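Asks: The following comprises the amino acid sequence and a computationally predicted model.
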Amino acid sequence: MRLPNWTPARCLEWFVVANLAFLGVDIFVAHTENAFRDSAEWVPVIFSALAPLLLLPGATHVGPPRVVRVLDLAVGASAIAVGVLGMVFHLRSAFFLERTLQSLVYSAPFIAPLSYVGVGLLLLLVRLEPSSSRDFGAWILLLALGGFAGNLGLSLFDHAQNDFHSPLEWIPVFAAAFACSFYLVALVGRERLMLRWSFGVCAVEAVVGVAGFALHVVEDAHKPAQSLAARFVHGAPAFAPLLFADLALLAAIGLWSMLTRDEAPLG
Amino acid sequence: MPFKSVFIAVVLGTALIVAAFLVHARRPAVERNQPTAALAEATGKCAECHRRETSAIVVEFEQSKHAARGVNCLDCHHPADGQPSTDHNGFVIAKALTAKNCAGCHAGEYDQFSRSRHAAPAWASVNGAKDFTPEQLALGERYHPTWVNRAPMSIGAIEGASAITSGCNACHAIGKPNADGSFGSCTSCHSRHLASLELAREPSTCGQCHMGPDHSQIEIFDESKHGALFAAQRSQMNLAADPKRLTTRDMPVPTCATCHMSGLEGAKVTHDTTERLSWFLFAPVSTKRPGYERGQTEMKEICLKCHTRPRIDEFYGRAEQVVAATNEKVQAAVAVVATLRRDGLVTPQPFDELVEFAEFDLWHYYGRTAKHGAFMGGADFVQWHGNYEILRQRVTIDEEAAQIRAGHPKPDGGGAPQAPADPTKPTAPPAK
């Protein structure tokens, strides 16, 4: 097995593998809160356990290219299906009963399953769009932008559940809002300096994600519960803030690709 | 320098943040005004699961005044002092709610309730004193001397535990002593998640327990002028009116609560349902309560909302004549059986001879019915369900006594009902 030289495309392949694998762990914890009430809740966990294995041949350049390509496209399409169905299932938990803002806040996080859609699209992108094309990086940045739009909704609705009792809970809302706006402008304008500034935004988002992870863990550690596991299962979702760092990494890959392919003027 | 781009990005980001604030502001104020994060989270988070399991309690809660005023699931379900708790999907809640949880906000109402016959005496009348802590016993005895520190009702040992658990205690648990030091649960009258004032004012709520031959208040009410008026005018009444602002416009005709508890037009509201009573009508031989004068005065103040004082005094005079006459009849019948016991002609055990059932039924069913009928305007219950039956039981007792004395007891009870009811302390046949 030979690891390829690190390029935006190769980074993206490993990004997809790592994300699919980690989503399984994250969803296992999240659905444990629900005690896997519905057997369909096992679907993303099982999918996340199998999908990285199926993607390994492509990520490590082992196996016939045609087979690898078909396998990757199938996994990508399946991830999109899992994500869309997951969103519908999550909305069914409360929102479809009343279709109110309140029930939207207290439904299972409806945006969360769309992370599978994002990962699936990334997989299709890496197999369908030549990494040498001018739009390759822009597509990545667009998907990162979609992720931050989801983060905006997640951090708004999740923290609305406890009514933003700590002002710190507004930070991810602010961070996601500015990530969306900066990446959108960078995507539309493609100005090199703006693309570089957006790297700075990536760094800020990563810091927000790691700090959020630490705050959630501290909050859970002090939560009254019968066991340590119960604190984390029913407490603030420890891994959720890391999505900021994860998407910042994705955006950085996109920006890297755009800066190396685009020949836009400075400023 | 891409100032234009930065400017657009900042404007867009700010607009998104403002939008987030606006979305957040549209959430129900009930949730946003909670004092702690756990409380804010509780209402929606609890409902998220309970809409699928026990969905009716969510609907009931949403219809309640508690919900309208921002009371949260955890406000009631968090463990009060002395209550065992459990971890329930990330929330620490009490294993079971008691009146103590309600007393956190409704302390005055609970204090009144704890002094009432609905509290310790209700439980003791069936189960005796064994379940009370010394403090609970002392409180009960302070307001109801001898009615709490007493033996369990004797018929329970004969009928078996299942009859007591599913029968008597289903109602008498209103005063069950709780491990946290409180008595009973307010939900007996107010229901659980609806926490309804309206429900507690409905006669049928009281009638769940105050019914049947031994305490037939709901049947008497239904037959009385009060009950007929209530049936006719129920749709025009506002049973949900604020207790402190209740007027005859809200309740132009009375329910049980109007006379016994409500603060009609400035009268004192009370959860001590014994406060406005003047006689121990449930006893075999009725005596005046310690607060006779005060109780009668307070009840008459309520009567005055509809009746003139001479009419009220006349009504009370007639009712007290029924009490006196019933007392005489009961005493005479009890004396017949007491004489048999004194002469060794019946056994010391209660409820093993038909004459004891006849004696018990005479006062426990028919004596009570006549007296309650007199005080509640139930003419038929004074006469046909009361005095007529007293007369028949008396004849039965006399015939039984004659046959016992002749050494030939009758094989059947001569009309005595088969199922005896609550033989509370003073009703058990005295020992030889």
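Replies: Ah, there it is.
Asks: Distance check, the residue of the stretch 101-250 of chain A at minimum distance from chain B against B:Phe91.
Replies: Sorted by distance to chain B under C-beta to the nearest C-beta, the residues of the stretch 101-250 of chain A start with A:His234, at 2.6 Å. C-beta coordinates here come from the backbone N, C-alpha and C atoms, glycine included. Distance, A:His234 to B:Phe91, by C-beta to C-beta, to the nearest Å: 8 Å.
Asks: could you check the distance from the residue lying closest to A:Leu142 once chain neighbours are set aside over to B:Pro284?
Replies: Distances taken as C-beta to C-beta, 6 or more residues apart in numbering or on different chains put A:Leu187 closest to A:Leu142, at 6.0 Å, once the chain neighbours are dropped. Distance of A:Leu187 to B:Pro284, given as C-beta to C-beta: 92 Å.
Asks: again, but for A:Ala51
Replies: 81 Å.
Asks: More neighbours: which of those two?
Replies: Shown here are A:Ala51 and B:Pro284; by other C-beta atoms under 10 Å in any protein chain shown, A:Ala51 has more neighbours (29 against 21).
Asks: Can you spell out which helices and strands pack onto the host helix or strand of that one?
Replies: For A:Ala51, the host element (DSSP states H and E) is helix A:42-59. Other helices and strands packing on helix A:42-59, by 3 or more C-beta pairs under 8 Å, 6 or more residues apart in numbering or on different chains; DSSP states H and E, are helix A:8-33, helix A:65-92, helix A:114-128.
Asks: check whether the second one contacts chain B.
Replies: The one in question is helix A:65-92. No. Helix A:65-92 lies apart from chain B when judged by C-beta under 8 Å from any C-beta of the partner chain; the minimum separation is 10.2 Å.
Asks: Same question for that helix: list its buried residues.
Replies: Neighbour counts using 16 or more other C-beta atoms under 10 Å in any protein chain shown place A:68, A:71-72, A:75-76, A:78-80, A:82-83, A:86-87, A:89-91 of helix A:65-92 among the buried residues.
Asks: For the residue of the stretch 51-200 of chain B found nearest chain A, give me phi and psi.
Replies: Among the residues of the stretch 51-200 of chain B, B:Gly90 lies closest to chain A, at 2.6 Å counting by C-beta to the nearest C-beta. B:Gly90 has phi and psi values of phi 90, psi -10 when expressed as degrees, to the nearest 10.
Asks: now it, nearest residue through space, not along the chain?
Replies: Nearest one to B:Gly90, counting by C-beta to C-beta, 6+ apart, is A:His234 at 2.6 Å.
Asks: and if you look at A:Val204?
Replies: A:Ala175 (6.7 Å).
Asks: Just confirm B:Val6 contacts A:Met194, I think it does.
Replies: Yes. The criterion here is C-beta atoms under 8 Å, and B:Val6 meets it with A:Met194 at 7.4 Å.
Asks: Which neighbours do the two have in common?
Replies: Jointly contacting B:Val6 and A:Met194 under the rule C-beta atoms under 8 Å, 6 or more residues apart in numbering or on different chains are A:Val185.
Asks: Can you tell me which residues in chain B are near chain A?
Replies: Residues of chain B lying near chain A (C-beta under 8 Å from any C-beta): B:1-2, B:5-6, B:8-17, B:20, B:23-24, B:26-28, B:31-32, B:34, B:36-38, B:40-41, B:44-45, B:47-48, B:51, B:87, B:89-92.
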